[in-house]
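Asker: model this:
(chains A and B)
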2 protein chains.
Amino acid sequence: MEPFPRNNFVTPLLTDLYEITMAYAYFREGRHLLPATFDLFFRKNPFQGEYTVFAGLTEVLHFVQEQFRFTAEHCAFIRQHEVFAEAEQLEAFLAFLQSDECSGQVVQLRALPEGSVCFPLEPLVRVDGPLAVCQLLETTLLTLVNFPSLVATNAARHRVAVGDRVQLVEFGLRRAQGPDGGMTASRYAYLGGFDATSNVMAAFTYGIPCRGTHAHAFVQSFVRPAQAPPVDAGASTERSALALLAYRYRDEIVDPALRQSFQLSAKAANESELEAFIAYAAAFPRAFLALVDTYDSLGSGVPNFLAVALALEHQGYKPLGIRIDSGDLAYISSQARRIFDVVKPGNKYIIFASSDIHEDTLYALKEQGHAIDAFGVGTHLVTCQKQPALGCVFKLVQVDQTPCIKVSEDPNKTTIPGRKRVYRLYGRDPSVSMIDLMMLDSEPEPQPGERILCCHPYEEHKRCYMTPSRVEEILHLRLINGTVMPEDALASTASDRDRLQLARRRCREQVQALRYDYKRPLNPTPYKVSVSAALFKLVHQLWLSELTIRELS
Amino acid sequence: MEPFPRNNFVTPLLTDLYEITMAYAYFREGRHLLPATFDLFFRKNPFQGEYTVFAGLTEVLHFVQEQFRFTAEHCAFIRQHEVFAEAEQLEAFLAFLQSDECSGQVVQLRALPEGSVCFPLEPLVRVDGPLAVCQLLETTLLTLVNFPSLVATNAARHRVAVGDRVQLVEFGLRRAQGPDGGMTASRYAYLGGFDATSNVMAAFTYGIPCRGTHAHAFVQSFVRPAQAPPVDAGASTERSALALLAYRYRDEIVDPALRQSFQLSAKAANESELEAFIAYAAAFPRAFLALVDTYDSLGSGVPNFLAVALALEHQGYKPLGIRIDSGDLAYISSQARRIFDVVKPGNKYIIFASSDIHEDTLYALKEQGHAIDAFGVGTHLVTCQKQPALGCVFKLVQVDQTPCIKVSEDPNKTTIPGRKRVYRLYGRDPSVSMIDLMMLDSEPEPQPGERILCCHPYEEHKRCYMTPSRVEEILHLRLINGTVMPEDALASTASDRDRLQLARRRCREQVQALRYDYKRPLNPTPYKVSVSAALFKLVHQLWLSELTIRELS
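Answerer: Presented below is the predicted three-dimensional model:
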């Protein structure tokens, strides 16, 4: 596998201390090599939705294969921690940590393909291996899956909200959880369906398309329009001609008829803003996109943009359009579009909006009507304000050939025991999946055309028979003997960028194929996740045997 | 300055594309070296509170001094971006980016001391330097300040909620925004008043105390208590003695009297849980802290803990206590404490709680009464669920000797123009600050004992006279000519860990000194932030001159 460009904090120490203390206690008991299975799954879809996008797998595979190696320096740090003071078998344990016995060599990892749509309770990743090694992977795997999946899901929901034609650009770097929060957000927003990012480092590192315009500061910095531009800049004849043309068009644009229709004032358009637009257009005549709300979007920014746009067109260029970053986006965009159409019939100017956008705003704007072609989404996308964490957990489901269960006073926190496979069953239309089914490893797999009983994992009255037209095993073996198995769709020489593109495509296709009632913003239908009859029996047998019966008196 | 252990994504490319396109446009106009000043500030305290903790400065200084260097590789990436296709002066611009003219050498940076309490509108960081260079710093500085300050503030609020005696441990790695989100959260939660983290990499990197217990998986993995432990482990006589003692104490603990008082059943206590506790205690006889809610906290976990704790004490050790991770924390902790006191009068067992804790839970538990000595806080702390982003912005306030203002259709988005100093004025009690005052650089500084007029920046009727007993200039020069000025309180040889400790101490002292009405959870009093009469005049003069007057008809 090609090296993955990544955060240098990702080491075996990027974990909770208790993973290491537990590993020591297993080791001390001679239980560290017991064969075990852990499932990584979540219990509830985020954002009050009914689907989730699985992401982070590329980073997980790279971590387990390459980075999960305790070094002498790591061990020196562990040795001096107070909790290990006088620990009898510490040196033997540290030798174990640094050996091949404690590495990606000794685990098998199964996972959903990255970018897949997934649902509660089913394992997204299943790890088989020695108890202590699996345990040591827990926190890092959760860190590498939780936030990527959350952001990819959030991005996919934004994409569902706007449909396929509107452009979505991620603008969140400055509001993310530090540098890597921003990098992760950019990568996985792209995977989930965004078209581009403003984050240059993400573009550089992951090959994501990068977009941007300019900020209010740029306009403000031209605060003294009377000041003659320095000789260097003025030396260009084209620059001087552009400025002259822009001033001339500005006077034409705000002619009496237009002024009356749109209540524009010739004096209202700010001169330093016009100077700033001319400067930006001179620098980027092929990519002129003006931020119009520094002073007054409709009164100043739009006429100034038009003046410069017409001047550029006169010189043979195609200006791009405007960005609006405040105010009533539905109203301003619609008015701006009307002005564009009066001043320059047949124009292709785009309107880009970027003011505190989130999924709900996108639906509200759609309902009100607007003329926006592209959205920049920052804070709400990257912080996932509506639900800032996906609660993936990593639970022991089998140890030493014995399935086990985590019971809880809260029934929703009970786990599904045993080594399992996961199948996606398709209905009469073989492109539409109807139900996911978990079965024990030992059970024969479901066959197309054969009826099978699918049970709700906890509620015995919820059952159905399903006769699938197509059966897809969705948990694939991806790491064995230290070797990452490439996805079927990719050559083993595929680069990180190829993998990201494939995951992005998969996400788009699977979200599109999902029935709309699972995706609608309000009260979506839950997708069915079920267990086989044998697994149902195992769940309930272990559940009752493990739960304490209280004595009341 | 000692190298700062950090994320390798922090480069000059960790920025939004528009910073680079704006820098090119400034360059193309010959305006890139105009002297400029930018302020970094926020407009609203987070979490419906009235104070914020400033954090991230160490990383900012390190970035500007060391990492802000465009390389040939960065420039090659910029060169091939479509927006620069056919850009006339691109090569000269790229040469500028790689020169000393575009580096930390040419800017001056002033900032509040890290860990300071701060308030809306006042600059936390002020950067003076060439227009293009300051502009290029924007996004990275925001990324390095926004989340650290948010998390430090969140941590400080948790500390205010529990008081000084209760221990707070950060448990958020698995729910943070990827690896660095987790690292940043651990560092700045510690700065804000947490005592420790579970994140080993943060402990390794930043020297933060590290704590942990064990997980449910550890208990589950002992699912077959009948199985004889392997010879290696059983070989220790102490281990065998501990097990024998624990089983004996278990039978004693659940004697009829205790069973009756606490409705415990001898059969209720789960045997595999007892085996797990014995194993953990054998591994960590000096640090035995048991997670008791795998099966039933009061019915099984607490009696099993006590059995092992008494056995350990018999062997001369001091067990630590229990952790509760689910259920009604007020009730379970109080009942557990009663059981402890009956079974082992005079015990010092601690009760650690860690189930979905946040600031509001801490207040609610205080009100209900509980017996918890320490809290582990994860998701809500690191994601700052209540408000997942601090809206710091970086705004141009002066260019080419001319103060400038960003007006907006939203009055709250208007900036305070000009190069400013910030003073904190103390009242009769010289330890209690009353008001912060921004003044223009050119004004004489306020003097203790002299009355001065302090104006609300926007509302002319809100004014007061203040006669300070003490005046503290809070914005300090920290970087000049590429040299970081050490804080007064630290030697220039201070390590990153020394700086972190100093900031943490400052945060604790300043939050403690803050009047309680600014800190209370519900409807706190806003702290006064004011401007001098001269600055008030400048704000309003620029505001009116820049705002468009609309024509209605």
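
Asker: Can you verify A:Asp39 is assigned to a strand?
Answerer: Yes - the assignment for A:Asp39 is a strand, going by DSSP: H, G, I helix; E, B strand; the rest coil.

Asker: Please list all residues in contact with it.
Answerer: Taking Cβ atoms under 8 Å, 6 or more residues apart in numbering or on different chains as the criterion, A:Asp39 is in contact with A:Pro123, A:Val125, A:Arg126, A:Phe394, A:Lys395, A:Val397, A:Thr415, A:Ile416, A:Lys420. Using the backbone N, CA and C atoms, a C-beta is placed for each residue, glycine as well.

Asker: Mind exporting the C-alpha coordinates of the strand or helix carrying A:Ile278 to CSV?
Answerer: Under the criterion of DSSP states H and E, A:Ile278 resides in helix A:271-283. The C-alpha trace of helix A:271-283 is given here as CSV (Å, rounded to 0.1, in the frame of the first residue of the first chain):
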residue,chain,number,x,y,z
GLU,A,271,-15.5,53.6,-4.8
SER,A,272,-12.9,51.7,-2.8
GLU,A,273,-14.9,48.5,-3.5
LEU,A,274,-14.8,49.2,-7.2
GLU,A,275,-11.0,49.8,-7.0
ALA,A,276,-10.6,46.5,-5.2
PHE,A,277,-12.7,44.6,-7.8
ILE,A,278,-10.6,46.2,-10.6
ALA,A,279,-7.4,45.1,-8.8
TYR,A,280,-8.7,41.6,-8.3
ALA,A,281,-9.9,41.3,-11.9
ALA,A,282,-6.6,42.6,-13.2
ALA,A,283,-4.9,39.8,-11.2
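
Asker: quick check, nearest of the contacts of A:Asp39 to A:Leu274?
Answerer: The closest of the contacts of A:Asp39 to A:Leu274 turns out to be A:Val125 (Cβ to Cβ; 56.1 Å).

Asker: Not counting its neighbours along the chain, what's nearest the closest one?
Answerer: A:Leu40 (4.0 Å; Cβ to Cβ, 6 or more residues apart in numbering or on different chains).

Asker: immediately after the helix holding A:Ile278, which helix or strand?
Answerer: strand A:289-291.

Asker: What is whichever helix or strand comes after that following strand packed up against?
Answerer: Toward the C-terminal end, the helix or strand that comes next after strand A:289-291 (DSSP H and E) is helix A:302-314. For helix A:302-314, the packing partners by 3 or more Cβ pairs under 8 Å, 6 or more residues apart in numbering or on different chains; DSSP states H and E come out as helix A:237-253, helix A:271-283, strand A:289-291, strand A:321-324, helix A:329-343.

Asker: now the angle between helix A:271-283 and helix A:302-314, please.
Answerer: Per axes from the mean of the first three to the mean of the last three Cα atoms, to 10 degrees, the angle that helix A:302-314 makes with helix A:271-283 is 30 degrees.

Asker: Tell me which residues are up against helix A:302-314.
Answerer: So helix A:302-314 is contacted by A:242, A:245-250, A:253-254, A:264, A:268-270, A:273-274, A:277-278, A:281, A:285, A:288, A:290, A:292, A:318-319, A:321-322, A:336, A:339-340, A:343-344, A:349 (Cβ under 8 Å, 6+ apart).

Asker: Backbone torsions only: list them for A:Glu473.
Answerer: Backbone torsions of A:Glu473, given as degrees, to the nearest 10, read phi -80, psi 120.
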